[in-house]
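Participant: Sharing a sequence plus its predicted fold:
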Amino acid sequence: MLKPPISRMGGKSKLRKTIIEMIPDHICYVELFFGAGWVYFGKQLSKVEVINDIDKELINLFRMIKYHAAEIERQLEYDFSGRDIFEEYKNISVDYLTEINRAVRFLYLISQSFAGKGGTYGYGTTSRPKPQIFYKDVLNDLKERLRNTYVENLSFEKVIEKYDRKHTFFFVDPPYLETAGYENKFGEKEHLILLEKLKNLKGEFLLTINDNPKVREWYKDFKIKEVEVNYSVSRDQKARGKYKELIITNY
């Protein structure tokens with residue numbers, strides 16, 4: 001079971017064991033909203049695997065790990081956690097960077113930022129800087145995991161259209177409904193489009209989402225499992241604690 005190289009808002013680190021145990025038999029495994037890839041990196045290999053995310057920099061990172069892990073490690077080997085380095089990476093234009101340089105920049109910003117959002121330098125008095133990206137051969141293990149995976153940068157609708165078969169299983173972890181903090185817009189309109197796509201799916205799906213009355217109404221004809229997750233990543237202590245989430249399946 002591998003650990004992803006980055007953290008992302010809404011990542012499934014606390015739920016992945018439960019999710020993996022619920023995955024049915026399948027031939028083709030598809031993640032529509034990849035994020036950090038906690039489930040993908042934790043589960044057993046499927047015959048065919050597809051990861052997708054609309055974030056171009058995120059997908060470029062995993063493409064570069066797949067093909068150029070050694071060079072990314074070489075460039076990061078002597079980097080350290082520093083505010084000036086963070087600000088330099090943050091403010092540089094990606095238009096002038098190679099794909100490998102873009103991956104290095106993205107990996108540094110995500111790993112050294114507060115809550116993995118890439119916007120604010122992360123520091124603390126009770127925890128050390130996140131050094132995992134600097135360990136030798138860490139990315140090599142991820143490269144091997146990605147070797148036989150299709151890496152897509154498409155809308156979720158297009159991915160469903162391309163890969164939906166009776167033998168396909170979709171893990172669906174979209175941005176949560178009516179929750180702030182996501183860079184890409186994903187509101188009620190997008191959630192309803194996703195709902196229609198899942199209603200007409202040939203294959204099977206498992207959806208994880210925050211517990212919301214609208215979501216319960218939308219998916220009332222499917223199987224709904226309620227789980228409780230403890231979130232601790234927040235500057236506001238009131239935002240920390242246990243929250244209810246839903247695991248919804250069509251099987």
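Facilitator: Received, thanks.
Participant: remind me which residues of the stretch 1-150 of the chain are low pLDDT?
Facilitator: When the per-residue scores of the stretch 1-150 of the chain are filtered using pLDDT under 70, the ranges that remain are 8-11, 130-136.
Participant: And the helices in this structure, which stretches?
Facilitator: Under the criterion DSSP state H, helices of the chain are mapped to 16-22, 38-42, 56-76, 83-91, 99-111, 138-146, 156-163, 188-199, 213-218.
Participant: CA atoms of the shortest one as PDB?
Facilitator: Listed in PDB are the C-alpha atoms of helix 38-42, where the atom choice follows Å, rounded to 0.1, in the frame of the first residue of the first chain:
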ATOM      1  CA  TRP A  38      -5.300   7.700  -1.900                       C
ATOM      2  CA  VAL A  39      -7.500   4.900  -3.100                       C
ATOM      3  CA  TYR A  40      -5.600   4.200  -6.300                       C
ATOM      4  CA  PHE A  41      -2.300   4.000  -4.500                       C
ATOM      5  CA  GLY A  42      -3.800   1.800  -1.800                       C
END
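Participant: Any chance of the helices of the chain in TSV with mean neighbour count as columns?
Facilitator: From N, CA and C alone the C-beta is placed, and that goes for glycine too. What follows is the helices of the chain, written out as TSV (neighbours: other Cβ atoms under 10 Å):
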stretch	mean neighbour count
helix 16-22	15
helix 38-42	22
helix 56-76	19
helix 83-91	13
helix 99-111	21
helix 138-146	18
helix 156-163	17
helix 188-199	15
helix 213-218	14
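Participant: In TSV: those, plus distance to residue 49.
Facilitator: Formatted as TSV, the helices of the chain follow (distance: least, Cβ to Cβ, whole Å):
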stretch	distance to residue 49
helix 16-22	14
helix 38-42	7
helix 56-76	12
helix 83-91	30
helix 99-111	20
helix 138-146	9
helix 156-163	10
helix 188-199	20
helix 213-218	27
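Participant: And the ones you listed: which comes nearest residue 120?
Facilitator: Across the helices of the chain, residue 120 has its closest neighbour in helix 83-91 (8.9 Å, Cβ to Cβ).
Participant: helices or strands next to the closest one in the packing?
Facilitator: The contact analysis (3 or more Cβ pairs under 8 Å, 6 or more residues apart in numbering; DSSP states H and E) places helix 83-91 against helix 99-111.
Participant: what comes into contact with the helix it packs on?
Facilitator: Contacts made with helix 99-111 from outside it, assessed by Cβ atoms under 8 Å, 6 or more residues apart in numbering, are listed as 5-8, 57-58, 60-61, 63-65, 68, 71-72, 75-76, 79, 85-86, 89-90, 92, 94, 97, 116-118, 130, 132-133.
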